[in-house]
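Undergrad: I'll drop the sequence and a predicted model, then ask my questions.
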Amino acid sequence: MNAYRILIHDARAPEPMVLQAEMARDARACAFAEARLAENAAYLAIEVWRGDKRLCRVAKPPAKAAA
């Protein structure tokens, strides 16, 4: 098992939420981030870190400005 730090950038919060998780593989941690981002409309981006290395960052496309 590997330990991960997951940063959730939420439009409703001034600072990212920080989660600690243990998962078997890096790919599973990144898949977790993609799933959480898709499930919550307020989440703007999610980063997955293992130690000092950022493994992935998933983000929603920026909103288009109204004309």
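TA: On my side now, so go ahead. Residues are numbered from 1 along each chain as shown.
Undergrad: just the strands in the chain please.
TA: Ranges of strands in the chain, per DSSP state E, are 2-10, 17-23, 43-50, 53-59.
Undergrad: what's the closest of these to Cys30?
TA: Distance to Cys30, taken as C-beta to C-beta, is lowest for strand 53-59 among the strands of the chain, at 4.1 Å. Quick note: C-beta positions are derived from backbone N, CA and C, even for glycine.
Undergrad: name the strands paired with that closest one and say parallel or antiparallel.
TA: Strand 53-59 has these partner strands in its sheet, going by DSSP bridges: strand 43-50 (antiparallel).
Undergrad: report the inter-axis angle for the strand it pairs with versus strand 17-23.
TA: Counting by axes from the mean of the first three to the mean of the last three C-alpha atoms, to 10 degrees, strand 43-50 lies at 50 degrees to strand 17-23.
Undergrad: now strand 43-50 - C-alpha only, CSV.
TA: Presented in CSV, the C-alpha positions along strand 43-50 are these (Å, rounded to 0.1, in the frame of the first residue of the first chain):
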residue,chain,number,x,y,z
TYR,A,43,-14.9,20.6,-7.4
LEU,A,44,-12.7,22.5,-9.8
ALA,A,45,-9.6,20.2,-9.7
ILE,A,46,-8.0,17.4,-7.8
GLU,A,47,-4.3,16.7,-7.3
VAL,A,48,-2.8,13.4,-6.1
TRP,A,49,0.6,13.4,-4.4
ARG,A,50,2.8,10.6,-3.2
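Undergrad: enumerate the positions of it that are buried.
TA: By neighbour count, with 16 or more other C-beta atoms under 10 Å as the criterion, the buried positions of strand 43-50 are 43-44, 46-49.
Undergrad: cool, thanks, signing off.
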